[in-house]
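S.K.: Sequence and predicted structure below; questions after.
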4 protein chains.
Amino acid sequence: MKDVQSYPDSRGIRIQKVGIKKVHIPLQILTKDGRYQNVTGIISLCADLTENARGTHMSRFMEIITRWSKKKISSKEVKIILEEVRNELETDRAQISIHFKYFMEKTSPVSHSKGFIDYDCLFYGLLEDDLFSFILGVKIPVQLVCPCSKEISREGAHNQRADINIKLEYYPDEFIWLEDLILDIESLGSSPVYPIIKREDEKYITEMSFGNPKFVEDVIRDVVEKSRKDDRVRWFQVECDSYESIHNHNAFAYQKEYIGKKSETGLIPYNHLNFMFR
Amino acid sequence: MKDVQSYPDSRGIRIQKVGIKKVHIPLQILTKDGRYQNVTGIISLCADLTENARGTHMSRFMEIITRWSKKKISSKEVKIILEEVRNELETDRAQISIHFKYFMEKTSPVSHSKGFIDYDCLFYGLLEDDLFSFILGVKIPVQLVCPCSKEISREGAHNQRADINIKLEYYPDEFIWLEDLILDIESLGSSPVYPIIKREDEKYITEMSFGNPKFVEDVIRDVVEKSRKDDRVRWFQVECDSYESIHNHNAFAYQKEYIGKKSETGLIPYNHLNFMFR
Amino acid sequence: MKDVQSYPDSRGIRIQKVGIKKVHIPLQILTKDGRYQNVTGIISLCADLTENARGTHMSRFMEIITRWSKKKISSKEVKIILEEVRNELETDRAQISIHFKYFMEKTSPVSHSKGFIDYDCLFYGLLEDDLFSFILGVKIPVQLVCPCSKEISREGAHNQRADINIKLEYYPDEFIWLEDLILDIESLGSSPVYPIIKREDEKYITEMSFGNPKFVEDVIRDVVEKSRKDDRVRWFQVECDSYESIHNHNAFAYQKEYIGKKSETGLIPYNHLNFMFR
Amino acid sequence: MKDVQSYPDSRGIRIQKVGIKKVHIPLQILTKDGRYQNVTGIISLCADLTENARGTHMSRFMEIITRWSKKKISSKEVKIILEEVRNELETDRAQISIHFKYFMEKTSPVSHSKGFIDYDCLFYGLLEDDLFSFILGVKIPVQLVCPCSKEISREGAHNQRADINIKLEYYPDEFIWLEDLILDIESLGSSPVYPIIKREDEKYITEMSFGNPKFVEDVIRDVVEKSRKDDRVRWFQVECDSYESIHNHNAFAYQKEYIGKKSETGLIPYNHLNFMFR
């Protein structure tokens, strides 16, 4: 049977990314307590394509993902997945993004009621020759109370749900757990959000957040201050997006910074990673 | 050339709805001041299909919509569109839904700053033989301040954006303008939302909404009370969906009621309309 | 501490649905082989609210869902969840919808390559007094080859992905597994879709589907014919939505039918269910 | 009244982007024939924030957008908008993205039936000090017929809708019309898509696209070849995303290239633009 993908191509154009997108698949994400969480992954997986072939072999991407559906995944496994892609597709570069909802149990502050909060998370990996970088991302909902509204009003203050969306690269000899990152960041809103709230919790949260009003700018500065001190982080980007209760649009603030306190050996050069990661 | 759609079908099954979906098209919506607003319509248009034909003629739906792209549309024109469908496709029943973003200028309460708020709107029409019903829908953003949080807390109260999503059928000898419906309903939240807010507006809105706390249940009851008295309305359904600032999920309340104070002559029977409209 | 929700309300309006929406939570769905599948559920859960109380107790809905996060769920458990809602909130009516992505292993026709296909599924339950109805829903992707395009063209035929979205109520003494429903319905397209396709599979699927061209109308009629004969089903609705490769919009067909071959004892009356289920 | 936003901030952190998002507003887009098209714009507008102030003045962004709602917009006006932002907010940098659906009339190849196709478009502008860059983006639906499926199968070939998503920067002394870009790019699929297709068109399109099979890799290489020769373009990125009819996931290919055949005077440095544009 003819193999049209392997036909030579006369245009002489090497392609940076060829692969599959919006693949939904069950996955197992390694958790901090040494177990794993079953999640529904949404995967994009791709490689570069030599100028000598007309097409890639799309089925191999799916075979690799399918094999990994039953194994625990963390940043270390992301690198192995990409090595398999590079070997089986005979390419120089491989790239993966895995989006998934991750759940953490959360206890309300007074009644100690327990429930789950869902977080939109991202594992991204890029492997080129022997260089590898891994990016961890998570979107964390918080409550924000407006400092201006509080200051100028006789009573009350408008407040709303906001998302803090952070993405960062940590060094390969470090490890940042989603669980820790979430706890670190959600403390930077006016208040965390909770799944189950009794009246005593509601009173506590209302008063606590009213005493801790924050602009999106304040959140970003607090994340920046914290992240600059974090030696495990090579660079980060963070956006705080606030669903303003007085508007039908959102307010936001954004920052991206290079920290770079450790050796870059073995890592994708920063500018190139910035170019490839979208 | 063979006309496969017109081939007879042996299964003896009449189909209730056959047509096109997710058609994006520029439209002109008639406005209360006698002018029109250019909108981007998202249309679903369909008809029933006799048991004697294998398929419908999809291109005719598009031809009809395309012709109407340049004409002003209100509930009256919706009926004419459906009559054209019935004639050109030789069917008994025709159905259309048009979703569009509609803009209204909105003035802030103190500084009188003017801007636009966008509303997700729906025109739905069903024509069967000589019976016709028209449903008007609109989703209206408001601010809601939580009465419980205010009552139990020493200061402050959690609040958030909420949507009031109303759909209603009005009698053919009546006319309800989107503009009027929006103003009527948005007054039932703790506060309307505004596009441009200066500090003096922010103070006013914060204090005003703090003095007018509402549960989603309160909003629904206020809409129900108002609508029951409205002789122009045959039936309505309303949902209030609140983006709780203390949770990562929403609270909601919903009601659907038949008012029916006028003659039903010429209208689709209520149970059948309820069955067809989704 | 004051309980504002329990305050009397003077408007005398009983509310049909009050509850929570867009709750994401890990769930365990019972599988046909007696095991379970971990899924990410998106839940809406609500009850009616007496005219004598100003608000419902939202936290109880979340407590009930959270308890059920660790137990296997099928239609039978959906009834138990709703009984708990009715008891703990002292209401007459309770309603739940659970949307989730469900995975089935799928083997390609020639190379027998195995992978996963994801299906968007729905469990819906309504309990009123002692009456209960359960609705099962699933959206099944298939390939459709256009019969008209094939017939009139010298060679080739346009084809595309389509979704068959079926919802049905089965009788309480019956049980329809998602796995069986999916296999039944996906056989009614021109071809199923597959996760992993080798060249020998691609040849087989292309030729097979080219030999089995179908309009959306054909799919609907085949589903209707099959469903009318199914004594387990009280009623069904089905839509086939085709992402036409020659257009930037979709073609669709839809049918809803009452079968009703068994006793209705213990079930929500059909018209009322139709009214409540959206 | 206190101006909390203007309070000094002790953290010493300058913020790269602060502004508003998901603002829906009616806009007028300049068309090639010298007229304009009314569209629904979705805007994100932001500026940097000095380390000396706690917050920005969000209302000024909305005032600027609102003023521009009634004026014709092209890349030249995007620069003026950003200059207004920089002046009124006293910042060094301003950034805007405008997403909108744009319609073009399209005539079917044989029956010459006319209708509209909608295209998702993007205007993006970045102004820093006196440097300015403008990015034009558009997503163009096409039909793709699979070369491999055609070659290996006795008859037929799977095909599907695909999107070609191109973004590019053109030099300030050049001008690329959306209309021209769309026509250029949509010719690179197996066939364009059409709004209204009669049987004679369907025969023509089926045979034409069957004679012109293309992988996503072929599309990307054709776009790359064409773009490399285009002196008006400083750099481009393109993705072709194919809604495979035989899978429940997509295949894609992607390329980003710097052309750079003209002077860079007055433009944002490429690496920095790449860093800021997301």
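M.R.: It's in.

S.K.: List the buried residues for the longest helix seen in chain A?
M.R.: Ranked by residue count and defined by DSSP state H, the top helix of chain A is helix A:75-89. Of the residues in helix A:75-89, A:75, A:77-79, A:81-82, A:84-86, A:89 count as buried by neighbour count, 16 or more other C-beta atoms under 10 Å in any protein chain shown. Bear in mind the C-beta positions are built from the backbone N, C-alpha and C, glycine included.

S.K.: which of those residues has the weakest pLDDT?
M.R.: Model confidence across the buried residues of helix A:75-89 bottoms out at A:Ser75, which has 92.

S.K.: Return the residues in contact with that residue.
M.R.: For A:Ser75, the contacting residues are A:123, A:125, A:134, A:136, A:170, A:175, by C-beta atoms under 8 Å, 6 or more residues apart in numbering or on different chains.

S.K.: Recalculate using a threshold of 6 Å.
M.R.: Contact criterion C-beta atoms under 6 Å, 6 or more residues apart in numbering or on different chains gives A:Phe134 as the residues in contact with A:Ser75.

S.K.: Spell out which residues of the stretch 1-150 of chain A are next to chain B.
M.R.: Within the stretch 1-150 of chain A, the positions near chain B by C-beta under 6 Å from any C-beta of the partner chain are A:117, A:141, A:143, A:149.

S.K.: May I ask you to confirm that the first one belongs to a strand?
M.R.: Which is A:Ile117. Yes - following the definition DSSP: H, G, I helix; E, B strand; the rest coil, A:Ile117 is counted among the residues of a strand.

S.K.: Tell me who's in contact with it.
M.R.: Under the criterion of C-beta under 6 Å, 6+ apart, the contact list for A:Ile117 reads A:104, A:106, A:195, B:248.

S.K.: closest to chain D among the residues you listed?
M.R.: B:Asn248 (18.6 Å; C-beta to the nearest C-beta).

S.K.: quick one: that closest one and A:Phe210, what's the gap?
M.R.: For B:Asn248, the distance to A:Phe210 equals 20 Å [C-beta to C-beta, to the nearest Å].

S.K.: what does A:Lys150 give?
M.R.: Spatial separation of A:Lys150 from A:Phe210 under the definition C-beta to C-beta is 7 Å.

S.K.: For chain A, just list every one of the helices.
M.R.: Counting by DSSP H, chain A has helices at residues A:58-68, A:75-89, A:147-152, A:178-186, A:199-210, A:216-228, A:270-276.

S.K.: related to what we said a few turns ago, now, the contacts of A:Ile117 that are in strands?
M.R.: Secondary structure defined by DSSP state E assigns A:104, A:106 of those to strands.

S.K.: The contacts of A:Ile117 into JSON lines, with extra columns for distance to C:His272 and neighbour count?
M.R.: Formatted as JSON lines, the entries for these read as follows, by distance: C-beta to C-beta, whole Å; neighbours: other C-beta atoms under 10 Å in any protein chain shown:
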{"residue": "A:Met104", "distance to C:His272": "40", "neighbour count": "17"}
{"residue": "A:Lys106", "distance to C:His272": "38", "neighbour count": "19"}
{"residue": "A:Pro195", "distance to C:His272": "32", "neighbour count": "27"}
{"residue": "B:Asn248", "distance to C:His272": "33", "neighbour count": "23"}
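
S.K.: and the contacts of A:Ile117 as TSV, adding distance to C:Arg278?
M.R.: Formatted as TSV, those follow (distance: C-beta to C-beta, whole Å):
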residue	distance to C:Arg278
A:Met104	32
A:Lys106	31
A:Pro195	25
B:Asn248	23
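
S.K.: Need the contacts of A:Ile117 in a markdown table (columns: distance to chain D and pLDDT).
M.R.: Formatted as a markdown table, the contacts of A:Ile117 follow (distance: C-beta to the nearest C-beta, whole Å; pLDDT from 0 to 100):
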| residue | distance to chain D | pLDDT |
| --- | --- | --- |
| A:Met104 | 26 | 98 |
| A:Lys106 | 27 | 98 |
| A:Pro195 | 26 | 98 |
| B:Asn248 | 19 | 97 |
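
S.K.: can you tell me which of the contacts of A:Ile117 are up against chain C?
M.R.: Residues shared between the contacts of A:Ile117 and the neighbourhood of chain C are A:Pro195 [C-beta under 6 Å from any C-beta].

S.K.: Tell me the one of the contacts of A:Ile117 nearest chain C?
M.R.: Taking C-beta to the nearest C-beta as the measure, A:Pro195 is the one of the contacts of A:Ile117 closest to chain C, at 5.6 Å.

S.K.: So that closest one is in contact with A:Gly115, correct?
M.R.: Yes - with contact taken as C-beta atoms under 6 Å, A:Pro195 and A:Gly115 are classed as touching, separated by 3.0 Å.

S.K.: Spell out which residues are contacts of both of these two.
M.R.: Residues touching both A:Pro195 and A:Gly115 (C-beta under 6 Å, 6+ apart) are C:Met62.

S.K.: Any figure for the gap between A:Met276 and A:Pro269?
M.R.: 10 Å.

S.K.: Settle it for me: which of those two has more neighbours?
M.R.: Neighbours were tallied for A:Met276 and for A:Pro269 using other C-beta atoms under 10 Å in any protein chain shown; the higher tally belongs to A:Met276 (18 against 12).

S.K.: so who does the spatially closest residue to that one that is not a sequence neighbour touch?
M.R.: Spatial nearest neighbour of A:Met276, chain neighbours left out: A:Leu126 (5.6 Å); criterion: C-beta to C-beta, 6 or more residues apart in numbering or on different chains. With contacts defined as C-beta under 6 Å, 6+ apart, A:Leu126 is in contact with A:95, A:133, A:268, A:276.

S.K.: Please name the residues that touch the first one.
M.R.: So that's A:Gln95. Residues counted as contacts of A:Gln95 (C-beta under 6 Å, 6+ apart) are A:46, A:126.
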